[in-house]
Every structure is written in structure tokens, then in C-alpha cells.
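Participant: pasting the structure only:
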């Protein structure tokens, strides 16, 4: 089944006439993604990689059912593009753009919550339902269909681990990039709950990193899960980060360290891989495979 | 059963130390309303008519369960007072204040919708569940328990009609003042739905007036109702009102006239009383009573 | 509070919405000077708070400063729909390639502001078929964003990368900004004009929410009421003059309408609408009675159902006026029930007036008396 | 972007938050003049983007303009935590009745801004027990309202009708206004001081979201990075110096951390963190390699998993630097897979470099080479 997107998802590409967006439109189409429309204001009527371009999301929605959008517009226009999609009723919005101001992110996430929509990112590599649909920028060849769900904060590290999984014969149900920024749409718990319910998914890889307390919160939910979870947490060797005044210290109160995250995950029954290349073996072990 | 409020409703009075508010606190207590707290910033610790006063709604909520609030603060502070109650989780907010700027009203109503709360007003006389609980300013003696639900836009006209009902032996389940302003919380349909579900209510009086299209929208729902509805629409003799530019004309497009409302209501199966004093007879007829 | 066209345009200009060159003039000489500054064909527009200025001859098209002076002289001596013209707006005459329509107002049913736009503006906007009218509500929590404006412009059939389209995207966002910052319940541009590459607000209609005037200290005050309406408004009361012969006072908008309806149903004709509800005290009620008597009606009908309004206050006000005038010049009927009813009736009795219990009985009685 | 204390206070003052009398000085003479204007005991505070100024002697309390000059002279010659003091803030010395704490920052978990306040401010704020700390999230769609501020002040135990309480209600609302209008990810007042009837921001810490600098043209630019960090930042790259001996380049924050972790797990020590992800092109990658070689490491480890980053771009950049320098001064190991992997490897082969397939193998190899 996969989660969030699949082979029936109708995808819109925001900013499709841009250089990066048109390149990745081609890549996504090659992966099999059903891209039905693109949107660039003032460029309605053009065609990019065979995809019709509209002036506004509403115009695209008048001509197609849009299930999900992937946003490639520059950071200053990202909030507007995201709100445009959410307002038009698009229920999955994937924001690849980096460098979006944090208050813009907060506004996007709040509105998405009110509209009952999923936002991935900002600053996400995207999402791939193995063999069915890719939204975003990961390299196609490493993502194959299978029964491992992956949820991650960072991009290339995910390719690394997914590459390892695939090389070891472990395909993926869905690989979800939540985004690397401070205020992103989905949490680990949101995605873990979806994997727990998804028939196709038999085990889950959680790719976290130091900072914040998302992994600690996720651990609480992992306790209730029936499916095995293998985690990798990046940043074991990182020196203590620069703090945001006293306020940062008060918010973190000692949370966010590598050790704390590993302990929380381990206590919740997840296996933590010390290094990225060790993830596949732990998954195989958890699934009783050789 | 009554709707929205009853004998178990814990009520907070906003601005309780003011002259009007303290007078009406006394009247509401005399009616039997369970007023458990008042709120006036900086006057926490005082006691008004035996009711403890708090500095903020949050402080009141730390000390009492607050089910409903009635707001008597002056218009410039009304939005803040209403949002304060909604933010604290109060689910019924009755705004008596007149003269609230319309954009403030829009903000209040939008936030209430998001919080799943009922707002009555601004510019409402309030709400009375006959014999159980009164929030607002109507004269106590005319409101008695019974099985007629009343929903109205304007205040004194409601007293007039409720007075007629009571004089004719027809008590009320709940009398709801939606408020006379342009952007108020509840609509006729919202309240009619509640009356339709309420066991105590056997018939409904709808007190409307010319302008807007609330009565027309209500007529659509009245078609589906099992309970009889008797309506009075004020303004038959009024000259055409002053319009708000072309925009007003475009929005109204001929809606909002006395004749249009009477036709819509009649077509929906409601009886329309030509004059206020004729309402009780139509209710008795509808209920098969003498 | 309605604003004059020139004030609305000043507001537009301050917020960056393009308006025609020109400004307001109070004398023909000023008009001449402005026309000379503009240096070409002009428009001289009467500034009154009423539509139909064009049909009334209140808009002239002079070609020279001298003609502008003469046009202003004529217009400034006019009275349009009962309103004397006190100033004119002198502006460049625009080359008009296309007339469009844009406004934002309050939609009470939706409890939101609503953008209304059409590619077919001008005098005939109300007659346009529904499908030529774009209506788009503005989510108050979301606010206004460029995408909203782009979609309106797209639906108006204007290209988003054209100079017109870009300007319109700005104008739409600015209109909402004005609404929010100035508590405008209406901002309307009709027509919005394409003139070569420019997009210009050729007219303005701006109405400020009177309830918000307390926080709009920087706006000029505009008197848009008749003297009697102003006197009532200063007492905090809502008043409208009508054509009949029975002056009416009641407490509450709904019951006042209901009172007029009842009078009319029994064959009477009301002289006015006067809502003195909301706890109007003794003194203000007395002044309101003076306003009513100033209308020289054939009779006076007072219908009070006391709630927040107290019957003794109303009775005392009545007695004050009675005593000050040594009686009433016309027949009076009072219906008085509700808060402090007994005290009120005692006061009335002291000057020989008997109050009624029911509105319908009282209404019938005043009609009999004025026949 | 962190702002100096004096800049934060200028921002506060512009928004109406009370700050101590005084201003910034770059020379002892200016400091003397400001102290004379203040006309009483002063504080001379070093302006550096680091805490612990007091402990380092960077805060002095002169009583006269002459003493202020001398104090400024001393402080302006100091270096605090490696940062030279380039200016001082000269201010009135406040009578301090009470020290409180207030800030607004971003809570990433909640995806909202959060107000943090305490009645017990000052140096020890982080050590206060949880129950003395007030945390209240700000709903972004609802925004900031007076009631929010009143409830914070109430919880701080300050009367809402006292001069202190009223001022604090204003300050809280203003802090959020600054956050939103200036894209501040942190505004902090520690301590907020009661001085008789006044409430004064005795310190300021303001950090502007670097991602929002494009729309904050009116703010002064503050350099808060080391020269190497600045060079990397100008290339759009994230860079941190560390203590080890292997320079590292990888593409993506997570994989860069994972690379450091892997190195360390096998006994290596990284010289830096350098994320050159996000599609950095040939030229920028070459410049980044120059930065790394400038660190004089014992070895260089490049770990690329190409996605949006293209392997041929990285290989070309490597070749460019190789050729420009006539070879590398230290051992180099490259792991190169992903987008355009074959093209990249061909380029590397042309200069005799063989790329690795797996990170772990490559990591082991560079460690061997630098031993």
C-alpha cells in the first residue's frame, strides 16, 4: 500500500519552469510519478516535459485532480506557494526549498494543521513510495519497492542508508523526508503511526540526528509499536552546539544529546545502529531474514 | 434538556466589576445562573455579589471549571476578552457588548470556529434556558421553563414575543440571541439544528428581520425539520435600506427583502406571523393546543 | 462613515494604489490652478456622498484651465439628491482602454471579508451576469497573500506577467491592507481603468466602520447624516426619517421595526424610525422626544419593553418634556412594560397619562387619535 | 545573525521598550562624553557576541566621566573569548530593585514561537527550578494579544494595575512584534529590571534568522563568524572548525555528521564539519577544497553521495584544485557514488585517483593514510 503517496497520486510541480524543477520533473516522471500539472505564474499554457503549466494552483485544480504538490520555488516565495496549495485543498505538500525563514515555516505548518494536510519540509529531499511515486530530488536508482519504511530528517544520509538497504536486498515501502529545518510539517510520530498501520511496511528505519527532542518523543510511541524499528542517530562525534541564549538552554534542558536519544530509543525497544552501514543487518535480524 | 446552557453550566462574567456587569450579575444569580467566577484584570481577589474575581481567564480556569462566559467589557476590549476566553478553552462565549468593530467580530468568529466553540453576539441580549440559566441582560420575569425554543437576531423584540408566549402559557426551552451585528457567531441553522435534536423543545419560534440572507438559508434547513417553526420577520414596513456601494448590491442580489424571506419560510413549511402578538396562537395551533 | 471620493483616492495614493493626477478644490480659482498644473483635458467631479452624479450633471470635462474654472463654478453651485456640493475633484482626463471593477466588503453571512472583481466594470457592473463576477472570500486567520491576488487577476483574464497584471496583484493586496488598517467595511474601485500600460483607480468608494472610529483618529471626519439623524447619533441612537404622520420611539432595532410594522398593519403611517434601546438614560430619552416633536408629527407613539432600559427612566424623561413644554402639542400613546414598570406607570399617572400593556392595543389607539 | 547588545537595545528603544540612558562608543573620548551626558555613575560594557563578559572583566562601573574614559580604554583593549572588543556601551547605572527574565524564541518541537519568562532573572536563570519558569506558546494564526501578556505578567506575580505590570504587558507584546517584523529567532531581556517605578531592559540578546536577511535590509550587518566560516558561508556552505587532523567534505548535514561519526568510530579525528550539499557547483566546490587545505590537515576525506549534487561536478572541482596546486600536499581519499557517478570517476582516474564505493571502507583508508 505505501503511505502518503502511491501510483495513483496526481502530482503538481510548483515552479515547474525553473531549471532545477524541470530537471527533477524529468527525473520524477522517469521514476513513474504521475505528474499531471505544473504551475508558474504568468507561464500558463506552456508545456514542460509534456506537463501542462498553469498560472495558479486554482487553475490547475480546475483542470485536474491534484493530490499532492512538490514545491521548487525560491525561498522568498515558498510560503506563498505552500499556502496557495493548502488553500486550494491540496492534501500533501512537499517543500524542497532550502533557506525558508522560520516564521514562514511556522505559518505554513499552522495552516496545514488547520486544513488537515501533510507538509513535508521545508528543506526536505522529498518522499518516495518504492517503485510507485517519487516527489522530490533523491536519485532514482537506489529507491526500490519493498517492505521497509524509512523516515528521516536529513537527505543525503538517507540516500546512504537507503542505498545500503537496497544493496542488501531490502526495498522500501515509503521513504519519508520530514525536512531538516527547525519548523517542519510532520513529526517522527506522525510518520511512525502511518507505517504502523500500513500493510506493506514490515519494519521501520528512523534516521535522526542530535538536537531537538523529536527522537525522544518518537521513543514514547515506539514503545506501543508492533513493528520493529531500527534507528541511526547522526552527530555522535559533534561538539556541543552553539546555544540560542538562555532561552535555548531552558527549552532544551539537557535534551537533544546523542546519548539521551540512543537511551530513549533503546529503552523503547528500537535497535540503534552505531554506523550507517550497519542498518541493513539490524533490519534483517529484526525481520528474521538472512 | 435545553440547548447550549443549563442548570449545570458554570459561568464566568468578564468585566464583572463594571457597573452594568455587576448589576446583571445580580440579576443572573437571581435567575438561578451558576456564576462561579468573574474576571477583571488587576482586580483579582475582589468579590462581586459573592462571586470571586480573577485577573485573567486562565487564573479563573485554574480555580474553577468554566463552561461559559458572558462578556460585558467595553467595545475596544471586547475582541481581546473574547479571544482570551476561547484560548482558555471556554466553549460558550456570550458577547453582550454593542459597537464592536466588524473586523474584530470576524476575528472572534473565525477563532471560535477553529476552537469548536459557540459565540453568541456581539450585540446579543444573551441566552436563557427557561428556569435554569440566564446569561445576558433580558428581564428575568418573562422567561419561564417550557417547550418552545426561540432563536432571534434582536433583543427587545424577543422580550416582546417571549412575553407574549409566557402570557399565553407557553414556556421556553431555550431562548437564543444570536446578536444583531453583521458578523456574529451562530447562524439560525446552527441553532435550529440544536433545537431539532433537543428533547425538551417541541416547537421553534424564529425571530428574523430584513437584510442579509440568514432567514433564506434557514428556510432550506427548516424543510428537513420535524418540529414546527413559527417565524416573525421585522421590517415589513421599512423603506429600502441604504446600500453599501455596488459591492453590497452584488452580494445581496435582491435577497434580504421582507417578501423574499416570508416566501422562503412559507415554502419551507414555517408559519409566518404578520405581527408579533400573533406568534403564540400559531405555536398553539402547530402544537395542537388550546 | 462614507468618505468623499477625493479622500478615498488620497488614501489609495498613500498606500501606493495609482490614482489620476489632480486633487480637491473648494473654489473655482483653485480648480483653475489645478487644471493648469495638470496641463491638458480634465475632469471636474462634484464631491457628494451619493451616486448618480453623472446623470445629475455633476461631472464635467473641461479642456482648459478657464473651462475648468467655469465647470467648477457650475458644479459648486449644484445640489445633488438634496446634498449641496461643497467641493470638487479636478483630475487629468484618462485615456480609457478598459474599465474593470474591484472591491472588498463584508459578507455577513460568511462572516468574512469578500473580494469582488470583474473584468467588466463601470456603471453597468450590477447588471453584469453572475458569471462575469468573481467573488472570493478572505480567510481572516490566513489573511491576504499574493497567490490570492494572482488567482483573482487570472480569473479576470489578465496576464500575470503583463504590466497590468502585476499592478493589479499589488492593488488587490493593498485594498485588503486598507480594509484591515483603516477598518474599512467597503473599499471599491469602479472603474479601475487600463490606460496604456497604467492601471488607475478612476473612482473610489471607501466606507469606514463607525464602530471602529475610536481607533481611526487620523482619518478626516465626514458628516454623512441629516441634522436630525446627527442629533440622534450624538445621543447614541439610531434614527431614520420616514414619510408618515406618527412619530415613533421604541427600544431596540427589532422592536422598533416591529412597532412600525404593527402601526402600518392597522392603517397608521410612521414618521420615523427611532431606536432608543441599549439603556438610554432619562436625559437622552428626553432629548430624543424633543427630536421627535421637532418633526411636527400628528401623534407620538412610545413603545417600551424594559430590559436594560428602565421604565422609570423613560417615564421621567416623558414627564420632563411634558413639564418643560406645558403639555404635548399632539396626542400621545405610551406602552410601558418591563424593568421598573410600576414605578414608571406611577410617574405617568402623576401627569394624567395611562400606559398600555400591549403593543397592538396601543398602536390601534394612536391611529384612532390621529385620524 | 546575532546582534550586539547595543544594537538590540536600539531596536528595543525604537519599538518603545524602555532601555537605560546611554549609547555605544568606539573610543574612550566618546565614552567620556556619553558619561558626562548621563551625569552620574555609569556602566561601561564591552560589546562582543559572547556571554561571560562580566567574569572576563568586560564590564566596569565608573563614577565620573574621567573614570568612564579610563574604563573604556581598558575594555577596548581587551579580547574576550578570542574576540577583540571593538566598541563599548556606556549607560546609566541602574538602581536595581528586582531582576526578571523575558524572552521569545522558536520551539522547533512545537513548531511555534514560545514566550519564556521568570520572576527570577539574572545570571542564574538557567539554574532556576522548572516551576519558576513560565513557558507559553504563541499560536501563529492567533498572534499576540494583550490577554496573553496579562496572563504571563499575572503568573510572574506582578499586579496588572501597577506601573510595572502595565509596562510589562506592553513589553511582552512588543517583543513578539519585533520577532515577527524583524524575523528574530531570539529576543531576550535578561535581566529585565525594576528600578523604582520603571521597568527597564538592562541587557538585550537578539538573533535574526539568517534565512530572512533578504527581507531585513534595514538591519545593520553583524559578522559573527570566523574568517573560514565566513568564506564557507559566502559560498552558501555550512562549516565548523574542529580539533582533529582529517579535513572532511560531504554533501548534506546529516551525512556530514555521519561521516564524522564513522571516522571517529574507526579511530580518526575530524578537523572540521563541511556540508557542501544542495547542488553546490564545480567552482564553489573547488573553493571549499581550498578552505579545507587552508586548515593544514594531515589528510582530506571527501564523501559524496550524489543526488542533487553531481559527481562529475565534484570530480572536476577536485581536478581543478589538483591541477592548480600541482597535486595535493596531504593524502586524499574520495568516496563518490550517485548522480553522474561514472563520469565523475572517469575524471578522477584521469589524474590517477580511484574513488571508493562505500563510506566505511573510505573512512578506514584515510585513517590508515594519516597515521
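Facilitator: That came through fine. Everything numeric here is computed off the predicted structure, so don't read it as measured data. Numbers count the residues shown, from 1 in each chain, chains lettered A, B, ... in the order given.
Participant: now residue C:223: which helix or strand?
Facilitator: In the assignment (DSSP states H and E), residue C:223 maps to no helix and no strand.
Participant: neighbours of it, just the number please.
Facilitator: Using other Cβ atoms under 10 Å in any protein chain shown, residue C:223 is surrounded by 12 other residues. The way it works is simple: take the backbone N, C-alpha and C, and place the C-beta from them, glycine included.
Participant: gap between the nearest residue to it once chain neighbours are set aside and chain B?
Facilitator: Sequence neighbours aside, residue C:230 is the residue nearest to residue C:223 in space, at 6.8 Å (criterion: Cβ to Cβ, 6 or more residues apart in numbering or on different chains). Going from residue C:230 to chain B by Cβ to the nearest Cβ, to the nearest Å gives 15 Å.
Participant: now do the buried residues in the helix or strand encompassing residue C:230.
Facilitator: Assigned by DSSP H and E, residue C:230 belongs to helix C:227-234. Burial within helix C:227-234, assessed by neighbour count using 16 or more other Cβ atoms under 10 Å in any protein chain shown, is assigned to C:228-229, C:231-232.
Participant: for the residue of the stretch 201-350 of chain C found nearest chain D, what are its contacts?
Facilitator: Residue nearest to chain D within the stretch 201-350 of chain C (Cβ to the nearest Cβ): residue C:215, separated by 13.8 Å. Contacts for residue C:215 (Cβ atoms under 8 Å, 6 or more residues apart in numbering or on different chains) come out as B:76, B:101, C:183.
Participant: tell me the residues of the stretch 1-150 of chain A that contact chain B?
Facilitator: Applying Cβ under 8 Å from any Cβ of the partner chain, one finds that the stretch 1-150 of chain A approaches chain B through residue A:114.
Participant: map the structural domains onto the sequence of the chain.
Facilitator: No chain in the question, so chain A it is. For chain A, the structural domains run A:10-120, A:138-287, going by automatic domain parsing.
Participant: the intended chain is chain C.
Facilitator: Taken from automatic domain parsing, chain C resolves into C:21-92, C:98-215, C:227-370.
Participant: out of those domains, which gets nearest to residue D:60?
Facilitator: Each of the domains of chain C has some distance to residue D:60 by Cβ to Cβ; the shortest is domain C:98-215, at 46.6 Å.
Participant: report the distance from that closest one to the chain centre.
Facilitator: Centroid separation for domain C:98-215 versus its chain: 20 Å, with Cα atoms, centre = their mean, to the nearest Å.
Participant: endpoints of it, how far apart?
Facilitator: Terminal residues of domain C:98-215 lie 38 Å apart, using Cα to Cα, to the nearest Å.
Participant: need the contact partners of the helix holding residue C:230.
Facilitator: For helix C:227-234, contacts defined as Cβ under 8 Å, 6+ apart pick out C:223, C:225, C:238-241, C:274, C:287-288, C:291, C:294-295.
Participant: any chance of JSON lines for the residues you listed, columns pLDDT?
Facilitator: Shown next, in JSON lines, are the contacts of helix C:227-234 (pLDDT from 0 to 100):
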{"residue": "C:223", "pLDDT": "82"}
{"residue": "C:225", "pLDDT": "76"}
{"residue": "C:238", "pLDDT": "84"}
{"residue": "C:239", "pLDDT": "88"}
{"residue": "C:240", "pLDDT": "86"}
{"residue": "C:241", "pLDDT": "85"}
{"residue": "C:274", "pLDDT": "91"}
{"residue": "C:287", "pLDDT": "94"}
{"residue": "C:288", "pLDDT": "94"}
{"residue": "C:291", "pLDDT": "92"}
{"residue": "C:294", "pLDDT": "92"}
{"residue": "C:295", "pLDDT": "91"}
